Structures are given as C-alpha cells and as structure tokens.
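Q: have a look; sequence and predicted model below, questions after that.
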Amino acid sequence: MDELRIEHLRVLDALNTKDSNGKLPELDDPQIPELVKKGWDLAAAYAAAFLEMNPRPSASDLDRIFAGFPASSSGAGPQYRFRGSAVQIGPSIYVVQASYGVDFLTGTFMVVARNHEGHFQALWNIKDLAAQHYAQRDEIGRWLYLVRRAYYNGPLAVQKVLRLSPAANGHARFLVDAYQGADGGTILAQLSIWEWDGTEARPLLVDVYQYAADFGGFRFDGKTLRISTKEELETLFSCGMCPQPRGVWTVRITPAGVRDLGHRFLQPEIQWADELLSKLNNGADATSMADPRALEALRARMKELQSEEARAGVPPSDAAGFSWGMLDKCRILRRGQRGAFVLAVDEGELHFSYVLRNGRPYFTGIQVK
C-alpha cells in the first residue's frame, strides 16, 4: 500500500505540473487520459489491498476507504484532487467510485470482488466497457468522454452508488447516479442500473435526464425510484436556472427486473400547450387538439409578431418555425373536465381553455394578451 501511495503521488504531481503560463493542463491535454487511467488503476489496487486487510468493513470504513491514499499534491492553489469511496453490493462484492478534478470532476466506477484465488481484485470497470461502446456514441460510451468542460457539457462523475435488492437469480445489483460537470444551471445526469454476474456488470437500464440546479430530488423506497427532472419541450424553452418544466421520472425495481415507468410533467398543461404550438410551427394539422377559431387566433397573433419584427429590422431566425420565446411560468386557473391555464412567455400571456376528451385536452379557447 505504501508503494501505491508513492506511485499515486507521482500521478498527482504530473497532473498538477503547470505550463509556462502557470496553467494546469486541461482534460483534453494529450497526457491527461493516461495519467487518470493510471491513477484509477492505482486506486483500484489500493481498494483491493484495503479489503484484503479489512474483509468486513463498515459503511463508514468504505466511505473513507481512500483516507490513506494521497488526495492532492503538496503545492498550494488550484490543483487536480482525487476523491473516492466504496459501497458493498453483496457478500465480498464492492463498487468503488473515484474521480479527479479541479472545479469539475471526471470519474469512473468499478467492481472489486474476490478473484478465483480468493483475493480481492478489480474485476470490472466502466471505462473498459465504455471503450467498446464509444464508436456507437451511446450512453455507456459517454463514460469514455474526456473533454475540456463546456457549457452544459463535460465528463461524467459519480454522484451516488446504491445497493439494490438482488435479482431473482441471486445476482447482486447496484445503481449509479452520475452527472456531467459543467457550467450552467441545467445539469445533465445519467442513471444506470447494473447486475453483477460474478464476471461483469450487465446494464439493465442506462439513460439520461436533466434537472435544474437546487431543484434536484432522488427518492428511493427500495422498490420505486422517483427522480425530480427538468423536462424537455419541442417549441418552448426556459432559462438555465429555471426549474420549469418540472417533472418526475419513475423506475420500478423488483427481483424480476427493472421497469422504466417513464416521465411525467408536474404541470401537464405546459406539455399540452407545447404540443399544440409545435404542430402549428411545423404546419401540421392541429384540428384534433383545438377549435379552428382558437387556432386562427394563434396564427393571427403569430403573423402580427412576425410583421412587427420585420418592421423593426429584426432579421428572421435561422431556426425553422416561430418562437414564442422563453417560458416564464404556468398559472393554473382550474383543473378537471373543463380547465384553464395561462402560460407567460416572452411574447405575452397565452390563455388556454380546454375540455378533456378521453383524457386528452381539446382547446376550446385561446387568447394572446
């Protein structure tokens, strides 16, 4: 373990070697991938050695499994730092997560368990699997992505690892909630659920979701997982820090398997209005959603706004269709068989009245104020 500590200090020193301008290397620097890979390999070996010496660790021990592993260089100021922890997911089976970063993190996770000789070893890691998937540019391949951070874009880092109940076949299962470290108030996250068969982790579900900073939520009762989300729209959009349109993603986890129950808007009225406006933008038939007179009122206001912009010398947008601008809020006036709500957007207030037909809204009146 002393040798692993010394080697890791060398990795940290290399990561924190500044250039002639006194700047640290960015993640897209050619030397970084090999350095962090070596560091993660050392961390895996260190975790295995720790478990050899402590075969029955407590949850606190696992949370501090890298307490004796160097976390930073001896220099002062901003620098790459190491973070990590472990979670037990079954008898002598552990998921270890580790990351490096200055302001934002790039991370990995791996399974450390007993090998065929009975000794602890890192038997599987997400980076090797991601390398096989990278050409497909799928969600597993995203874990290989190492770039300089950009607006709403950056490498994945683990936010939490949870032990799940075993599968019906007795295999251990676990959940990884990760996020992309980046600037901006809307955060892109990834949920993945895995089954460990003794040799490799098999993905049961891997998908992304978004949430606004300070409005995230993660609730799991052992069977049902509910995640607070920021849902996407076709036509309307909101600011980065705005939580709207808020939603919930629900996933059911049972011994028989994992079932994605989908996303639900907390204010479905926003989704209904967005669907209608999107149809109008695309020139699609919207008569199944709204009274023809209500549709004509919307079209007339759209033409007025476009004419006003033309007179003001505003160049037409490169994007196809008409934009109502940014969504501010949705005010519900009443709900039920007959309902009404108001959407506040940049171009004014859209007042909608509707009646439910077989659970779907049919807009009977629309006013733009």
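A: That came in fine, so what should we check first?
Q: list the buried ones in the helix or strand of the chain with the lowest mean pLDDT?
A: Within the chain, confidence by mean pLDDT, DSSP states H and E is lowest for helix 292-311 among all helices and strands, at a mean of 84. Residues of helix 292-311 classed as buried by neighbour count (16 or more other C-beta atoms under 10 Å): 294, 295, 297, 298, 301, 302, 305. To be clear about C-beta, it is placed using only N, CA and C from the backbone, and glycine gets the same treatment.
Q: in space, what's closest to the fifth one - neighbours in sequence excluded?
A: Looking back up the chat, that one is residue 301. Nearest residue to residue 301 in three dimensions, chain neighbours excluded: residue 368, at 4.2 Å (C-beta to C-beta, 6 or more residues apart in numbering).
Q: tell me who's in contact with that neighbour.
A: With contacts defined as C-beta atoms under 8 Å, 6 or more residues apart in numbering, the neighbours of residue 368 are 297, 298, 301, 347, 348, 349, 350, 351.
Q: could you pull out the helices for this structure?
A: If DSSP state H is used as the criterion, the helices of the chain fall at 2-15, 32-53, 59-63, 126-133, 268-281, 292-311.
Q: kindly reformat these as a markdown table containing distance to residue 98.
A: Supplementary listing: the helices of the chain in a markdown table, determined by distance: least, C-beta to C-beta, whole Å:
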| stretch | distance to residue 98 |
| --- | --- |
| helix 2-15 | 11 |
| helix 32-53 | 5 |
| helix 59-63 | 13 |
| helix 126-133 | 11 |
| helix 268-281 | 39 |
| helix 292-311 | 52 |
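Q: to residue 77, which of those helices lies closest?
A: Set against residue 77 and scored by C-beta to C-beta, the helices of the chain come closest in helix 2-15, at 13.5 Å.
Q: tell me which residues in that closest one are buried?
A: Along helix 2-15, the positions that meet the burial threshold by neighbour count (16+ other C-beta under 10 Å) are 4, 7, 8, 9, 11, 12, 14, 15.
Q: who does that helix touch, helix- and strand-wise?
A: If contacts are counted by 3 or more C-beta pairs under 8 Å, 6 or more residues apart in numbering; DSSP states H and E, helix 2-15 sits against helix 32-53.
Q: check which residues of the helix it packs on are buried.
A: Of the residues in helix 32-53, those buried by neighbour count under the rule 16+ other C-beta under 10 Å are 32, 35-36, 39-51.
Q: this structure - how does it break down into domains?
A: 2-266, 269-368 (automatic domain parsing).
Q: can you give me the end-to-end span of the last one?
A: By C-alpha to C-alpha, to the nearest Å, the extent of domain 269-368 from end to end equals 16 Å.
Q: ok, now stretch 167-178?
A: End-to-end distance of stretch 167-178: 22 Å, with C-alpha to C-alpha as the criterion.
Q: just how off-centre is that stretch within its chain?
A: Computed by C-alpha atoms, centre = their mean, to the nearest Å, the chain-centroid distance of stretch 167-178 equals 19 Å.
Q: which residues does residue 257 form a beta bridge with?
A: Partner residues in beta bridges with residue 257, using DSSP bridges, are residue 254.
Q: is it true that it touches residue 195?
A: No - between residue 257 and residue 195 there is no contact under C-beta atoms under 8 Å: 9.3 Å.
Q: list the contacts for residue 62?
A: With contact taken as C-beta under 8 Å, 6+ apart, residue 62 is in contact with 85, 86, 87, 88, 94.
Q: distance of it relative to residue 218?
A: 20 Å (C-beta to C-beta, to the nearest Å).
Q: same check on residue 201?
A: 21 Å.
Q: in the stretch 101-250 of the chain, where is pLDDT below threshold?
A: 147-153, 183 (pLDDT under 70).
Q: strands of that one, start to end?
A: Assigned strands in the stretch 101-250 of the chain, in chain order: 105-114, 120-125, 156-164, 172-180, 186-196, 201-212, 217-220, 224-230, 246-254 (criterion: DSSP state E, counting those that start in this stretch).
Q: quick one on the thing from earlier: out of the contacts of residue 62, which is nearest to residue 228?
A: Using C-beta to C-beta, residue 87 is the member of the contacts of residue 62 that lies nearest residue 228, at 22.5 Å.
Q: who does the nearest residue to the closest one once chain neighbours are set aside form a beta bridge with?
A: Setting aside the residues directly before and after it, residue 87 is nearest to residue 161 in space (C-beta to C-beta, 6+ apart), at 4.5 Å. The partner list for residue 161 in beta bridges (DSSP bridges) reads residue 176.
Q: isn't residue 161 up against residue 95?
A: Yes - counting by C-beta under 8 Å, residue 95 is a contact partner of residue 161 at 5.1 Å.
Q: pull up the overlap in contacts between those two.
A: Listed contacts common to residue 161 and residue 95 are 87, 109, 174, 176; contacts here mean C-beta under 8 Å, 6+ apart.
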